[in-house]
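Q: predicted model and sequence below, questions to follow.
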Amino acid sequence: MRELLMIPGPVEIAEDVLREFSGQPSVHYGPEWTNIYKTAQKMLNKLLRNTGLTFIMPGSGSLAVEAICATFCRDRRLLVASNGWFGDRVYAICSSYNDEAKKLGLPTVIPADPNIISRELKNQKFDALFMVHVETTTATLNPLKEIGAVAKEQNVDFFVDGVSSVGIEEIDMDNWGIGALAAASQKGLECLPGLGIVAVSQRLLERARNRKGYWFTNLGVWLEYYDKWNDWHPFPVTVPTNTIKSLKRSLQNILDIHGTEARTKMFENTVQVLRNELSELGVKPLGSFSDQCNGLTACNTEGDYRPSKLIRYLLSKHGIRVAGTLGTISESVFRIGHMSSVQCSRESVTRTIAGIDDFLKNQVRKL
């Protein structure tokens, strides 16, 4: 039995996306390759509703976050709003570049309150705000549009970690005032791991162009190569060509074949079915399901069993891999990922629910 990945990244991906990755590597320069790369960039901009420029970099989502920090957050009064483990990671990255970075710790398991963030911005006179859209450890969805409005009202730059939301949740960079956003290839973009993605608004491109210091994580360097070598090598390093070809295929599926409206409906249907069936089994949410995102579900065992026992059982008996979590809640929380079309299929959801039901009947309620 093939292992089914029902974790929040890397995700199960479509066969046509896998086919683009297989075979000998493509050359990473020249007009033909540049057209492939730029097409992927344009599709990412369309998905994110960004009229600026999106950079596709070898690396992870954390690399993308760091590129935003290195380029836009040094020597500035920066507020990092955090309601979880990955929000704390954003602060750790930012504070390594900026001694003036401050963390605003917010309650976990519930969405960040825009009013609290607004008060903090007013009190301290910050230049920029950075936060996570989906806090992956708890599945909490933060209200990006409303917080973007707060940042705009306070005249601060707004930066977002969208690693677990891009391709799943609604994002409108231009209209929500997002200056730069970090993402990665292996979650809602339904591609293989290996690409860090940074979308920069038109408004901040000139600031990036003039930024000095650092090299790989300095988006000014990437922009310089994009400007000067635009027709044959619009990036400063060798990029993983086959992974980018896979990303391009996945983006075509998301935008052109399935369409964004149908994709939104797919996630909404999956969330409704999965969480209803979990509730029927007596599985409780971490916090409230209504505060959770569309790409993963976090469940609270409430001390009835250790998540590690469920994870081992599902993998050994059913070939299904779900995830634990990080931080202080790791002894009572497990997570189910449904970030891709394959993970959202009725077959994948049914198989996962059946496995959890089997575990509860034979390993918990039987005792």
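A: Yep, that arrived. Numbers count the residues shown, from 1 in each chain.
Q: assess the claim that Ile329 and Thr137 are in contact.
A: Yes: counting by C-beta atoms under 8 Å, Ile329 does reach Thr137; the two are 7.4 Å apart. Yep, even glycine has a C-beta here, placed from its N, CA and C like the rest.
Q: neighbour-wise, which of those two wins?
A: Ranked by neighbour count (other C-beta atoms under 10 Å), Ile329 and Thr137 place Thr137 first, with 31 against 19.
Q: relative to Gly61, how far out is the more buried one?
A: Separation of Thr137 from Gly61 (C-beta to C-beta, to the nearest Å): 14 Å.
Q: again with Arg2
A: 26 Å.
Q: those two - which one has more neighbours?
A: When neighbours are counted by other C-beta under 10 Å, Arg2 and Gly61 differ, and Gly61 comes out ahead with 27 against 5.
Q: low pLDDT regions in the chain?
A: 1, 366-367 (pLDDT under 70).
Q: show me where it has strands.
A: Taking DSSP state E as the criterion, the chain carries its strands at 4-5, 53-58, 78-82, 102-105, 128-132, 134-135, 140-141, 157-161, 180-184, 195-200, 284-285, 296-300, 320-321, 333-337.
Q: what's the fifth one packed up against?
A: Same thing as strand 128-132. Where contact means 3 or more C-beta pairs under 8 Å, 6 or more residues apart in numbering; DSSP states H and E, strand 128-132 is packed against strand 78-82, helix 85-97, helix 114-124, helix 144-153, strand 157-161.
Q: so which of these gets nearest Asn300?
A: Closest to Asn300 of the helices and strands packed on strand 128-132 is helix 85-97 (C-beta to C-beta; 16.0 Å).
Q: mind giving me the packing neighbours of that closest one?
A: Applying 3+ C-beta pairs under 8 Å, 6+ apart, we find helix 85-97 packed against helix 61-68, strand 78-82, strand 102-105, strand 128-132, strand 134-135, strand 157-161.
Q: give me whichever of the ones you listed is most buried.
A: Most buried of the helices and strands packed on helix 85-97, by mean neighbour count (mean count of other C-beta atoms under 10 Å): strand 134-135, with a mean of 29.
Q: partner strands of it, parallel or antiparallel?
A: The pairing partners recorded for strand 134-135 under DSSP bridges are strand 140-141 (antiparallel).
Q: name the residues that touch the strand it pairs with?
A: 83-84, 108-111, 133-134, 165, 169, 287, 291-294 (C-beta atoms under 8 Å, 6 or more residues apart in numbering).
Q: which ones among the residues you listed lie within helices?
A: For these, not one is inside helices, with DSSP state H as the criterion.
Q: now these: which count as buried?
A: 83-84, 108-109, 111, 133-134, 165, 169, 287, 291-294 (16 or more other C-beta atoms under 10 Å).
Q: adding distance to Tyr313, write the residues you listed out as a markdown table.
A: Below are the buried ones among the contacts of strand 140-141 laid out as a markdown table (distance: C-beta to C-beta, whole Å):
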| residue | distance to Tyr313 |
| --- | --- |
| Asn83 | 31 |
| Gly84 | 27 |
| Thr108 | 27 |
| Val109 | 26 |
| Pro111 | 32 |
| His133 | 32 |
| Val134 | 27 |
| Ser165 | 30 |
| Glu169 | 31 |
| Gly287 | 25 |
| Asp291 | 28 |
| Gln292 | 24 |
| Cys293 | 26 |
| Asn294 | 27 |
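Q: out of those, which comes closest to Met266?
A: Asn294 (9.2 Å).
Q: so what's the backbone phi/psi at that closest one?
A: Backbone torsions for Asn294, taken as degrees, to the nearest 10, come to phi -90, psi -10.
Q: what's the spacing between the residue nearest to it when sequence neighbours are not counted and Ile254?
A: Nearest non-adjacent residue to Asn294, counting by C-beta to C-beta, 6 or more residues apart in numbering: Phe267, 4.0 Å away. Phe267 is 12 Å from Ile254, where distance means C-beta to C-beta.
Q: swap in Gly84?
A: Applying C-beta to C-beta to Gly84 and Ile254 gives a distance of 27 Å.
Q: nearest approach to Asn230 belongs to which of the strands of the chain?
A: With C-beta to C-beta as the criterion, Asn230 lies closest to strand 53-58 of the strands of the chain, at 11.3 Å.
Q: just checking, what packs against that closest one?
A: Strand 53-58 packs on helix 31-48, helix 61-68, strand 195-200, helix 219-228, going by 3+ C-beta pairs under 8 Å, 6+ apart.
Q: the third one packs against which elements?
A: Right, strand 195-200. helix 31-48, strand 53-58, helix 61-68, strand 180-184, helix 241-252.
Q: how far does the third one sit from the chain's center?
A: From the chain centre to the centre of helix 61-68 is a distance of 11 Å (C-alpha atoms, centre = their mean, to the nearest Å).
Q: so what does it touch, helix or strand wise?
A: strand 53-58, helix 85-97, strand 157-161, strand 180-184, strand 195-200.
Q: so Ala128 touches Asn155, yeah?
A: No: Ala128 is beyond contact range of Asn155, at 10.5 Å (criterion: C-beta under 8 Å).
Q: nearest to Gly303, of the helices and strands packed on helix 85-97?
A: For these, the distance to Gly303 is smallest for strand 134-135, at 22.5 Å, taking C-beta to C-beta.
Q: tell me the centre residue of this structure?
A: Val163 (1.7 Å; C-alpha atoms, centre = their mean).
Q: shouldn't it be in contact with Ala64?
A: Yes: between Val163 and Ala64 there is a contact at 7.4 Å, judged by C-beta under 8 Å.
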